[in-house]
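Enquirer: sequence-free structure coming up:
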């Protein structure tokens, strides 16, 4: 109720909007597709609280964006907490598995030429919008420079491509400074943040820290996870916590600025304690979390070379524990390929958190649905089993 205004057009029911968000992640659909599928699927309509089948669209797809913005991180966290509570005591294991991954943003692979070209295009658009006459547009020269960058970036003529990028950087700086001089004070206040961003991107060098990799997503970080097929990923680091035996996701946390995995453990364990109600006694991690061996009352287990001080029983338990740790890898794979974590289309840092929470909630809901289906089939098998008398073997 506090999330809705007292006046204006009545809002959509919360059950409908939350149900659409869950179905979107469960079925890996976009906002437009989940609304269209809702009209065609009576099970979707019943799940969202509809009493009778209807052919009318439940809402405009853009209303899902407004609803996510309205409930924010706290709202989607409540949905995730409900998905954990459905599993009851199975989610309250004393041992958990923690791992991190990268939630990639929906941006192109960043290069200097791409960013500088976008700055030039946006400066032209801004000048046209504010009716500012530029001294020179540089359009013909930029077209020639881009052709040089594309076809002479390798081989003996690589130097020409590098000089073209430097010239493109100079042109971008000229246009940004000219707009700052010629814009009216009122327009300069409106566009000051964008112009400062363009100036920062135009000045940044290869060895700088805190670089900007996208104009529409300035908070994106460059993360290297050591993958052979993909050296760098551009997005936000996400930590996932899973129970060791049942495989239920009990923690999901998004980070900015690419922190060291070991430094994220205190926040991860505190989140698990607040959601489940108890602090894990042991967290099983990979070698990326090396450092502290105990955080509060939780011991941190990391694979290490064999020590002679351990008994055979301790070594066997450690091997079993770390074999079980590998189960989190396919879970992260399902989150990415089945529940929309492979590429995040939501805006900003809040979008990273919302997408991560909803993907983990969808995984828990899918797991709960499979358990229910198994129990129903087992029950029906007992009920519908024919009364067959056992064969009697004559002596």
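Expert: Arrived safely. Fair warning: this is a prediction, and the values are worked out from it, not measured in the lab. Residues are numbered from 1 along each chain as shown.
Enquirer: if you count neighbours, what's buried in whichever strand or helix holds residue 176?
Expert: If you go by DSSP states H and E, residue 176 is part of helix 158-182. Residues of helix 158-182 classed as buried: 161, 164-165, 167-169, 171-176, 178-179 (neighbour count, 16 or more other C-beta atoms under 10 Å). C-beta coordinates here come from the backbone N, C-alpha and C atoms, glycine included.
Enquirer: just the closest of those to residue 211, please.
Expert: Nearest to residue 211 among those: residue 169, at 14.2 Å, using C-beta to C-beta.
Enquirer: all helices for the stretch 151-300 of the chain, in order.
Expert: Ranges of helices in the stretch 151-300 of the chain, per DSSP state H, counting those that start in this stretch, are 158-182, 185-203, 265-276.
Enquirer: now residue 201: closest residue in space that isn't a chain neighbour?
Expert: Closest residue in space to residue 201, ignoring its immediate chain neighbours: residue 212 at 4.9 Å, by C-beta to C-beta, 6 or more residues apart in numbering.
Enquirer: number of nearby residues for the one you found?
Expert: Neighbour count of residue 212, defined by other C-beta atoms under 10 Å: 18.
Enquirer: now do it against residue 218, distance only.
Expert: 5 Å (C-beta to C-beta, to the nearest Å).
Enquirer: grab the longest helix from the chain for me.
Expert: Ranked by residue count under DSSP state H, the longest helix found in the chain is helix 348-384.
Enquirer: surely residue 108 meets residue 114?
Expert: Yes: Residue 108 lies in contact with residue 114 (C-beta atoms under 8 Å); the separation is 6.5 Å.
Enquirer: these two: who's more crowded?
Expert: residue 114 (17 against 11).
Enquirer: let's check: the centremost residue of this structure is which one?
Expert: For the chain, the residue nearest the mean C-alpha position is residue 103 (4.1 Å; C-alpha atoms, centre = their mean).
Enquirer: in a strand, that's where that one is, yeah?
Expert: Yes: according to DSSP: H, G, I helix; E, B strand; the rest coil, the state of residue 103 is that of a strand.
Enquirer: next, find the distance separating it from residue 133.
Expert: 44 Å.
Enquirer: do residue 95 as well
Expert: Applying C-beta to C-beta to residue 95 and residue 133 gives a distance of 68 Å.
Enquirer: looking at these two, which one has more neighbours?
Expert: Neighbour tally, residue 95 and residue 133, criterion other C-beta under 10 Å: the higher count belongs to residue 95, 18 against 7.
Enquirer: ok, that one - contacts?
Expert: 243-245, 280-284, 321 (C-beta atoms under 8 Å, 6 or more residues apart in numbering).
Enquirer: so the residue nearest to residue 201 makes contact with residue 199?
Expert: No: counting by C-beta under 8 Å, residue 212 stays clear of residue 199, with 10.6 Å between them.
Enquirer: ok so, going back, tell me who's in contact with the residue nearest to the centre of the chain.
Expert: Listed by C-beta under 8 Å, 6+ apart, the contact set of residue 103 reads 235-238, 254, 341, 344, 352, 355-356.
Enquirer: inside strands: which ones of these?
Expert: 235-238, 254 (DSSP state E).
Enquirer: okay, now residue 338: neighbour count?
Expert: 17.
Enquirer: same question but for residue 278, I mixed them up
Expert: 11.
Enquirer: tell me where the stretch 1-150 of the chain has strands.
Expert: 95-104 (DSSP state E, counting those that start in this stretch).
Enquirer: low-confidence ranges, it, go.
Expert: 1-3, 5 (pLDDT under 70).
Enquirer: my guess is residue 354 contacts residue 74, does it?
Expert: No: the criterion here is C-beta under 8 Å, and residue 354 misses it with residue 74 at 10.6 Å.
Enquirer: the two: who's more crowded?
Expert: residue 354 (25 against 7).
Enquirer: find the nearest non-adjacent residue to the more buried one, please.
Expert: residue 76 (5.0 Å).
Enquirer: that neighbour: neighbour count?
Expert: Residues near residue 76, counting by other C-beta under 10 Å, number 23.
Enquirer: ok, it - contacts?
Expert: 21, 68, 353-354, 357-358, 361.
Enquirer: repeat for residue 217
Expert: 105, 107, 347-348.
Enquirer: quick check: it vs residue 313, distance?
Expert: Counting by C-beta to C-beta, the gap from residue 217 to residue 313 is 51 Å.
Enquirer: could you do residue 68 as well?
Expert: 50 Å.
Enquirer: higher neighbour count, these two?
Expert: Ranked by neighbour count (other C-beta under 10 Å), residue 68 and residue 313 place residue 68 first, with 22 against 8.
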